[in-house]
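Trainee: take a look and give me a structure for this.
(chains A and B)
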Protein chains: 2
Amino acid sequence: MPKPLKPLFERVAFIGIGLIGASMALAIRRAKVANVIVCCDSNPKARKTALDLGIVNEAFKDYGKAVAGADLVVIATPVLSYGAIAKAIAPHLKPGAILTDTGSVKKDVIAAVKPHVPKNVHFVPGHPIAGTEHSGPEAGFAELFQNRWSILTPLPRTSSKAVSKVADLWRRIGAKVDIMEPDHHDMVLAITSHLPHLIAYTIVGTATDLEGDLKREVIKYSASGFRDFTRIAASDPVMWRDIFLTNGPAVLEILQRFTEDLTALQKAIRKNDGKTLEDLFTRTRAVRRSIIDARQA
Amino acid sequence: MPKPLKPLFERVAFIGIGLIGASMALAIRRAKVANVIVCCDSNPKARKTALDLGIVNEAFKDYGKAVAGADLVVIATPVLSYGAIAKAIAPHLKPGAILTDTGSVKKDVIAAVKPHVPKNVHFVPGHPIAGTEHSGPEAGFAELFQNRWSILTPLPRTSSKAVSKVADLWRRIGAKVDIMEPDHHDMVLAITSHLPHLIAYTIVGTATDLEGDLKREVIKYSASGFRDFTRIAASDPVMWRDIFLTNGPAVLEILQRFTEDLTALQKAIRKNDGKTLEDLFTRTRAVRRSIIDARQA
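Mentor: Okay, here's the model as predicted:
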């Protein structure tokens, strides 16, 4: 039997205890990555749930109390709130502490947080590529990050020791770690995550704008493809609003390409051009195979 | 214990034994809806698989041999092939036989098939709202239609007895039955199925057109939303080509609405209009709830 690993942190504080924060907390507890886990959340129901379900040892309304004495602070709220949170917690951060986050956008987040981070605190921006359409601490589960990627986007002057420690945390709770430039992260995520969500939100919106009868039928016959989009379009509204408000340029760039491709397909349908359709549909089928081979299906 | 139901048919013939044909055959056998099940398929591998897996009693290359003596003939091939198939089987259909199908488009299918159907054969067009991204008889399973809708679009002069018999078949293999006008069916499916597939094919195509590095990363980080689209975009290329070539007008009409909505969202992102984004994302979340309530999730 291998010798059990020592905890990486004595005390971890989550700012925001939703799906991601709660899942991390549960995984950290199970893998004994920290001894004490606390959280801060503006929503009293979330605090109560996190306590009741044993996700955290203590739940605070006050930022200062939550982060006091924490070796690791994890911001896991919708990304537009980051600047205000960084400003509020800064005076209470323990010297030598590591500050990380789980935000889906990195460039804007870094710009909002960095000016507030004290010199003796190590800021390691991060983003686990995992999630579900459910929200809140009650939706959290320790296995969420198993075999998923967690991307870190450290700044040029971030202590490599702090980066290693955050990477270790992710590996101990089952994830694989990649290091990336913030700009590049934001473009990759615009393609793989932000655009798919935007499209899903749009199509579900289009369907709900239909007249009464048709709208009822869309629900009834949703098993034919539509329901997969509704699952994606059921993700947390504020979290996603913030993503589009902070990663606008990258999303608009990839949306432009998508619109061009959609226009080409529209033309193929109008012109009865079966070859163009079949060629594309054959190519896209191969992509699915690659994802299965990469064990991300 | 309720008295076992008598088989509805002595002999059923499937034209095309892919995912849908094989699933129906397996379900019909399990529910004892027919005594003998045969198929015809142009693909020798599909015929062999259907025989090896015990999905059918006999597998023919020749249309005439397959439908000879069948009380029920089910066309379950890509929809553009329907006209030629109807023409080829017509002289061999048994007087009094029922002819049905599983095509995702109804108006064009009826126009292609009806002229060939002999006076003494009952044509009951149908479409089960069920499927997976997998193809071929090996992908078939008897439970595919459980709790799913099957839509019948009988013509004004179709014998109501024949319609009832096909409806009974679907109910005995677990489906719920709806009767609809062909035009209306094609519009509902354009919204719930054809547009979602078109969008998924487009977005996966856009991603595969990216430069080498980005393309690899899209696969790697696909768990963030993209992979759900790749599942839909892995559906059978020929089947989907045919759907867009036969239901073009309805698809283009709903695509127009979708494009307008997407343009509005694009503008909201460009203008940093968080309210519009959050309002839509909240509305679409409620749709998911409706689908869960309708037990179609």
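Trainee: distance from the host helix or strand of A:L255 to the middle of the chain?
Mentor: Using DSSP states H and E, A:L255 sits within helix A:248-270. Centroid separation for helix A:248-270 versus its chain: 25 Å, with Cα atoms, centre = their mean, to the nearest Å.
Trainee: for that helix, enumerate the helices and strands it packs against.
Mentor: helix A:182-189, helix A:195-208, helix A:274-293, helix B:195-208, helix B:237-246, helix B:248-270 (3 or more Cβ pairs under 8 Å, 6 or more residues apart in numbering or on different chains; DSSP states H and E). Just so you know, the C-beta spots here come from the backbone N, C-alpha and C atoms, and that holds for glycine as well.
Trainee: now the stretch 1-150 of chain A against chain B: closest residue?
Mentor: Residue nearest to chain B within the stretch 1-150 of chain A: A:I129 (4.8 Å; Cβ to the nearest Cβ).
Trainee: how's chain A carved up into domains?
Mentor: For chain A, automatic domain parsing gives the domain ranges A:9-179, A:184-293.
Trainee: close to chain B: what parts of the stretch 1-150 of chain A are there?
Mentor: Taking Cβ under 8 Å from any Cβ of the partner chain as the measure of proximity, the stretch 1-150 of chain A contacts chain B at A:80, A:104, A:129-131, A:133, A:148-149.
Trainee: so which of the residues you listed sit within strands?
Mentor: A:W149 (DSSP state E).
Trainee: just among the residues of the stretch 1-150 of chain A next to chain B, which is most surrounded?
Mentor: Among the residues of the stretch 1-150 of chain A next to chain B, the one with the most neighbours (other Cβ atoms under 10 Å in any protein chain shown) is A:S104, at 26 neighbours.
Trainee: touching the helix holding A:L255 from outside, list them.
Mentor: The contact list for helix A:248-270 (Cβ atoms under 8 Å, 6 or more residues apart in numbering or on different chains) reads A:186-187, A:189-191, A:194-195, A:198-199, A:244, A:273, A:276-277, A:280, B:198-199, B:201-203, B:205-206, B:209, B:244-245, B:248, B:251-252, B:255, B:259, B:262, B:266, B:269-270, B:272.
Trainee: ditto for stretch A:59-70
Mentor: Outside of stretch A:59-70, the residues within contact range by Cβ under 8 Å, 6+ apart are A:9, A:11-15, A:17, A:38-42, A:44, A:47-48, A:50-51, A:73, A:85, A:88-89, A:91-94, A:97.
Trainee: if you set the cut-off to 7 Å instead, what comes out?
Mentor: Outside stretch A:59-70, the residues that touch it by Cβ atoms under 7 Å, 6 or more residues apart in numbering or on different chains are A:11-13, A:15, A:38-41, A:47, A:50-51, A:73, A:88-89, A:92-94, A:97.
Trainee: just the buried ones among the contacts of helix A:248-270, please.
Mentor: A:186-187, A:189-191, A:194-195, A:198-199, A:244, A:273, A:277, A:280, B:198-199, B:201-203, B:205-206, B:244-245, B:248, B:251-252, B:255, B:259, B:262, B:266, B:269 (16 or more other Cβ atoms under 10 Å in any protein chain shown).
Trainee: by mean pLDDT, point me to the weakest helix or strand of chain A.
Mentor: Ranked by mean pLDDT, DSSP states H and E, the weakest helix or strand in chain A is helix A:212-220, scoring a mean of 84.
Trainee: in space, what's closest to A:L93 - neighbours in sequence excluded?
Mentor: A:V121 (4.9 Å; Cβ to Cβ, 6 or more residues apart in numbering or on different chains).
Trainee: just for the stretch 151-297 of chain A, where's the confidence low?
Mentor: Within the stretch 151-297 of chain A, the segments meeting pLDDT under 70 span A:296-297.
Trainee: any idea how many residues pack against A:R295?
Mentor: Using other Cβ under 10 Å, A:R295 is surrounded by 7 other residues.
Trainee: A:E253 now?
Mentor: By the criterion of other Cβ under 10 Å, A:E253 has 13 neighbours.
Trainee: low-scoring stretches of the stretch 1-150 of chain A, by residue?
Mentor: Checking the stretch 1-150 of chain A against pLDDT under 70 turns up A:1-2.
Trainee: looks like the residue nearest to A:L93 contacts A:L99 (just checking).
Mentor: Yes - the pair A:V121 / A:L99 is scored as a contact, 5.6 Å apart, by Cβ atoms under 7 Å.
Trainee: which one's more surrounded, the two?
Mentor: Shown here are A:V121 and A:L99; by other Cβ under 10 Å, A:L99 has more neighbours (27 against 18).
Trainee: so what's the more buried one up against?
Mentor: Per Cβ under 7 Å, 6+ apart, neighbours of A:L99: A:73, A:93, A:117, A:121-123.
Trainee: mind putting those into CSV with distance to A:N57?
Mentor: Formatted as CSV, these follow (distance: Cβ to Cβ, whole Å):
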residue, distance to A:N57
A:V73, 15
A:L93, 19
A:V117, 25
A:V121, 22
A:H122, 24
A:F123, 25
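Trainee: I'd like those residues laid out as TSV, including secondary structure.
Mentor: Below are the contacts of A:L99 laid out as TSV (DSSP: H, G, I helix; E, B strand; the rest coil):
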residue	secondary structure
A:V73	strand
A:L93	coil
A:V117	coil
A:V121	coil
A:H122	strand
A:F123	strand
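Trainee: nearest to B:L144 among those residues?
Mentor: Set against B:L144, the nearest of these by Cβ to Cβ is A:V73 (49.2 Å).
Trainee: got the contact list for the residue nearest the centre of chain A?
Mentor: The structure's chain A has its C-alpha centroid closest to A:S104; by Cα atoms, centre = their mean the separation is 4.7 Å. Applying Cβ under 7 Å, 6+ apart to A:S104 gives the contacts A:79, A:127, A:189, A:193, A:243.
Trainee: count the residues that sit near A:P95.
Mentor: The burial count for A:P95: 8, using other Cβ under 10 Å.
Trainee: test my guess that it contacts A:N120.
Mentor: Yes - here A:P95 reaches A:N120: they are 4.3 Å apart, a contact under Cβ under 7 Å.
Trainee: who touches both of the two?
Mentor: Counting by Cβ under 7 Å, 6+ apart, nothing touches both A:P95 and A:N120.
Trainee: overlap of the contact sets of A:V121 and A:L99?
Mentor: Between them, A:V121 and A:L99 share these contacting residues under Cβ under 7 Å, 6+ apart: A:L93.
Trainee: just the buried members of the contacts of A:L99?
Mentor: With burial judged by 16+ other Cβ under 10 Å, the buried subset of the contacts of A:L99 is A:73, A:93, A:117, A:121-123.
Trainee: for B:L155, find the nearest of the helices and strands packed on helix A:248-270.
Mentor: The nearest among the helices and strands packed on helix A:248-270, by Cβ to Cβ, is helix B:237-246 at 17.4 Å.
Trainee: now the angle from that closest one to helix B:182-189?
Mentor: 120 degrees (axes from the mean of the first three to the mean of the last three Cα atoms, to 10 degrees).
Trainee: do helix B:237-246 and chain A meet?
Mentor: Yes - Helix B:237-246 comes into contact with chain A (Cβ under 7 Å from any Cβ of the partner chain), by way of B:237-238, B:240-241, B:244-245.
Trainee: can you give me the offset of that helix from its chain's centre?
Mentor: That offset, for helix B:237-246, works out to 11 Å (Cα atoms, centre = their mean).
Trainee: which residues sit against it?
Mentor: So helix B:237-246 is contacted by A:269, A:272, A:274, A:277-278, A:281-282, A:285, B:78-80, B:104-105, B:108, B:194, B:197-198, B:251 (Cβ under 7 Å, 6+ apart).
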